[in-house]
Structure formats: structure tokens, C-alpha cells
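Q: Pasting a predicted model and its sequence here:
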Amino acid sequence: MEKTWRWFGKKDKISLSMLRQIGVEGIVTALHEVSNGEVWTLESINELKNYIESFGLRWSVVESLPVSESIKYGGNDRDDLIDKYIISLENLGKAGITTVCYNFMPVLDWARTDLFHKWEDGSSSLYFDKVKFAYFELYILERNGAEKDYNSEILEKVEELKKTITEEDRKDLIDSVIVKTQGFVNGNIKEGDLDPVGIFKKLLALYDGIDRDALRQNMKYFLEKIMPVCEKWNIQMCVHPDDPPFQLLGLPRIVTCEEDIDWFLTAVDNPHNGLTFCAGSLSAGLQNDVPKLAKKYASRTKFVHLRSTNVFDNGNFIEAEHLGGRGHLIDVIKVFEKESPSLPMRIDHGRLLSDDVDKGYNPGYSFFGRMLALGQIEGVIAAVQSELEGK
Ligand code: DNO
């Protein structure tokens, strides 16, 4: 697989020369300064592409070309927004950047409750705590009917948390769930927004009446409209699974498991409609056997995220070491090295190691944590390749 790295543009604290030195071959990035829904011009794409190439690297994958909320909930302006999306795709095609990752998650791009969950050795990782998330829904968002989504055990724990939680913990929780994890990937809510909870509630309201089937139909509508431009420029669209792969906030989520993946691949049965195989996201759903899914969808996979999680009995999950947990990355790598050896893969998320602290990295995107994982994964890839070559 091609070794790629998610880099957040010229403002990223991690420079391209550092990446070149640790064996990265391709860059995964986006025009982060362009607002969601605006056209990516050929000029800006080429400017960034040339910059990346001046370091001896290539721009391998776009992550993400964001799909506006209105396309997802089917708003009045969706056709205009899809037209703009098509122009951006055409411009990417002209520049020769043909792998495009996106997601179809309503409102929340990914969800975690803790950004610095401590490990015994002093490092930290991202974490999802069901009780905290339920507290967020019930007592911060005050979402009608949220209690119906939780069992009595969780609800009791939420009441206990309510008695002890401090104002600062509440602020931290808001920051983790809807500000710090979202601002740099999605743009719906940014650091500095004065009333993130208010904005978030308005966004949620846009999905009133949109159920699973409606969201599926909107995804199909979007994909059918963009397939011609993808065919023209040989663009591989690859949707990112929902992270985590279960229902949240009463919103429909439609890329969570085998049945969902089968659905969107057959609904628009075109080789340009593909999957970002995010082993980490899929591993956080107990319904998913990650290596089995890798095998089944290898031919429709266009991009791979290597990460893993451990899921606990109470429904919480932690981002595991890359060679541990439910992601079974060694088996996943065996599948892709055999079936599709030139696929771009990137290390997804990494722990925060001592020298990563206070460097201003985006949550999950540390330097040393990811570099450690890259070294481990590179070793696995080399071993698998040599086995395949019969050495
Ligand atoms: C988080 C990422 C997601 C992902 C998008 C793809 O770390 O995995 O933000 O990039 O969902 O559209």
C-alpha cells in the first residue's frame, strides 16, 4: 500500500519535510481554507499540489471534499450545491487528483467525549464514554426524547454524573463533542463560536423528519448526479464510514455495517462509487468483523484508514494501539496487500506521547503517536509483502 499521511495544509505544525524524512510517500489533504459548499478552483488546487510536489511528495487523496448539510437533508438549494461539488470534482480531475474521500454523516463528522484519556504510561488517546454522551444529549442539548435511546443503567449513571459534574467539565464536554473534534474537519462549528450549543441545535433541527430511508435516498441522489463527472475524470469517490458506527442524537446513520455498505454500493452500482475502509470506525461497532469486511469490499475500497479500537461491555470505546484491538490490522493489511497492493493507506489517529503535548495538533493527529504507528504498520506491510513474494 502507498504510505500516506493526513496533513492539514500549510498551517499544519507538522511540515512536509518532516513527513518526507519518516518515509511518507503521499499526502492526504484538502483546501481547508475554502468554506463548505464553495467551489475548489483549479488554480488553488494546483497551487497546493505544486507545493506538495516541491517536497518530493504527491497529493494522493482528497480528505475531504465536504458534502454540505443541505445535500444530506435534501434542502431547496441542494442542486446548486451539487453543481458546485461537480465543478470542484472536475477541477480535481483536471489536476490529476482522483481519489476523493467524503462522508454522509448528518451534522456531526465524528464523535468522541474525551480527547485526552490517560493511559497507564502517561500517554493519552481519544475516548468515547456513553454516559457522558448521554449527559450531553439530556442535559446540555436537552434533546426531546433522548432518554428513549438509553437503557436504565446508563440513565442512572447520567443522574449520578449530573450531581457531580462541574461547570468546567461541562464546557470541556461541549468542546470535545462539537467544537474541537469538528472545527478542523467540518466547519459547521468552529473554535471561537459564541454559542456552539445553539448552532448545533439549529443544525439538528434541519434533520427533523429525515429518517434512515430519506437519508439513503439523498445519498443515492447525490451519487447519481456526480457519477458522470467521476467517470469522465476517473475519480474514485470513497465514503467514510460513520464514526462511531451506531445511531447518535436521534439522527439517522447509514454507513455503519455490512448491510449499509451493501446498500450504497448496489444502489449506485458504479465502480467510481467506493468505500474508504476505515478499520478504526468499523471496529467500534460490535456488529462488524473488520477483516471479513475488508475481504468482502476490497474491490470497492479506494482508500484505507489504519486504526483500531477496543469496545467495553458498557458501550464505551477507546482508540487502541494500532496492532491491538478489534481492528485486527495485521489481517486487514494481508487482505489489501494481496488484493489491491497500490491502495493509498494512512495511519489514522495516534496517541498523544509526551513530546506531542501542547504542540497544537488537531485531536487524534499527533506527530510522534502517528509516527510510532506508521513504523509498526510499515513493519507489518514489509512482512506481509515478503510472505506474498514467497521469500
Ligand atoms: C476524523 C476523520 C473524519 C474523516 C471524515 C471524512 O478523524 O476520520 O473527520 O476525515 O469523516 O469525510
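A: Perfect, thanks for sending it.
Q: show me where this protein has strands.
A: Using DSSP state E, the strands of the chain run over residues 2-6, 26-29, 58-63, 99-103, 114-118, 124-128, 236-240, 273-278, 301-306, 309-311, 317-319, 344-347.
Q: if I read this right, residue 72 contacts residue 215, doesn't it?
A: Yes - between residue 72 and residue 215 there is a contact under CB atoms under 8 Å: 6.7 Å. The way it works is simple: take the backbone N, C-alpha and C, and place the C-beta from them, glycine included.
Q: quick one: which of those two has more around it?
A: Ranked by neighbour count (other CB atoms under 10 Å), residue 72 and residue 215 place residue 72 first, with 25 against 21.
Q: quick one: contacts for that one?
A: Residue 72 makes contacts with 104, 106, 215, 218, 219, as judged by CB atoms under 8 Å, 6 or more residues apart in numbering.
Q: For the ligand, see how far away the closest residue to residue 377 other than its chain neighbours is.
A: Among residues not flanking residue 377 along the chain, residue 306 sits closest, at 5.6 Å (CB to CB, 6 or more residues apart in numbering). To the ligand, residue 306 is 12 Å away according to CB to the nearest ligand atom, to the nearest Å.
Q: mind giving me TSV with the strands of the chain and columns for mean neighbour count and mean pLDDT?
A: Shown next, in TSV, are these (neighbours: other CB atoms under 10 Å; pLDDT from 0 to 100):
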stretch	mean neighbour count	mean pLDDT
strand 2-6	22	98
strand 26-29	23	98
strand 58-63	23	98
strand 99-103	24	98
strand 114-118	17	97
strand 124-128	23	97
strand 236-240	24	98
strand 273-278	26	98
strand 301-306	25	98
strand 309-311	20	98
strand 317-319	23	98
strand 344-347	26	98
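Q: how about those strands in CSV, adding distance to residue 337?
A: Compiled in CSV, the strands of the chain are given as follows (distance: least, CB to CB, whole Å):
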stretch, distance to residue 337
strand 2-6, 12
strand 26-29, 17
strand 58-63, 17
strand 99-103, 18
strand 114-118, 32
strand 124-128, 26
strand 236-240, 18
strand 273-278, 13
strand 301-306, 11
strand 309-311, 22
strand 317-319, 24
strand 344-347, 10
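Q: Spatially central residue for this structure, please.
A: The chain has residue 240 as the residue nearest its centroid, 5.9 Å off, counting by CA atoms, centre = their mean.
Q: Write down the beta-bridge partners of it, one by one.
A: Per DSSP bridges, the residues bridged to residue 240 are residue 103.
Q: tell me the contacts of it?
A: Going by CB under 8 Å, 6+ apart, residue 240 touches 63, 64, 101, 102, 103, 255, 276, 278, 281, 305.
Q: Take those and write them to CSV, including distance to residue 90.
A: Formatted as CSV, those follow (distance: CB to CB, whole Å):
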residue, distance to residue 90
63, 19
64, 17
101, 18
102, 16
103, 21
255, 25
276, 21
278, 27
281, 29
305, 26
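Q: farthest-separated two in the residues you listed?
A: 63 and 255 (15.2 Å; CB to CB).
Q: Tell me the residues of this protein that contact the ligand?
A: 63, 64, 101, 102, 103, 109, 110, 185, 240, 243, 364 (CB under 6 Å from any ligand atom).
Q: Mind picking the two most distant members of those?
A: Using CB to CB, the residues of the chain next to the ligand span at most 18.4 Å, a distance reached by 102 and 364.
Q: Where do the helices of this structure begin and end?
A: 16-21, 42-53, 69-73, 78-95, 130-135, 152-164, 167-174, 196-205, 212-233, 258-267, 279-283, 290-297, 329-339, 368-388 (DSSP state H).
Q: highest average neighbour count across these?
A: helix 279-283 (a mean of 29; mean count of other CB atoms under 10 Å).
Q: In contact with residue 85, which residues?
A: Residue 85 is in contact with 65, 67, 71, 222, 226, counting by CB under 8 Å, 6+ apart.
Q: Kindly report the same for residue 249.
A: Going by CB under 8 Å, 6+ apart, residue 249 touches 107, 108, 137, 141, 143, 146, 204.
Q: now swap in residue 219 and tell me
A: Contacts of residue 219 were listed using CB under 8 Å, 6+ apart, and they are 72, 104, 254, 264, 267.
Q: With distance to residue 123 and pLDDT as extra columns, can I get the residues you listed in JSON lines?
A: Putting those into JSON lines (distance: CB to CB, whole Å; pLDDT from 0 to 100) gives the following:
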{"residue": "72", "distance to residue 123": "36", "pLDDT": "97"}
{"residue": "104", "distance to residue 123": "33", "pLDDT": "97"}
{"residue": "254", "distance to residue 123": "34", "pLDDT": "97"}
{"residue": "264", "distance to residue 123": "36", "pLDDT": "98"}
{"residue": "267", "distance to residue 123": "42", "pLDDT": "98"}
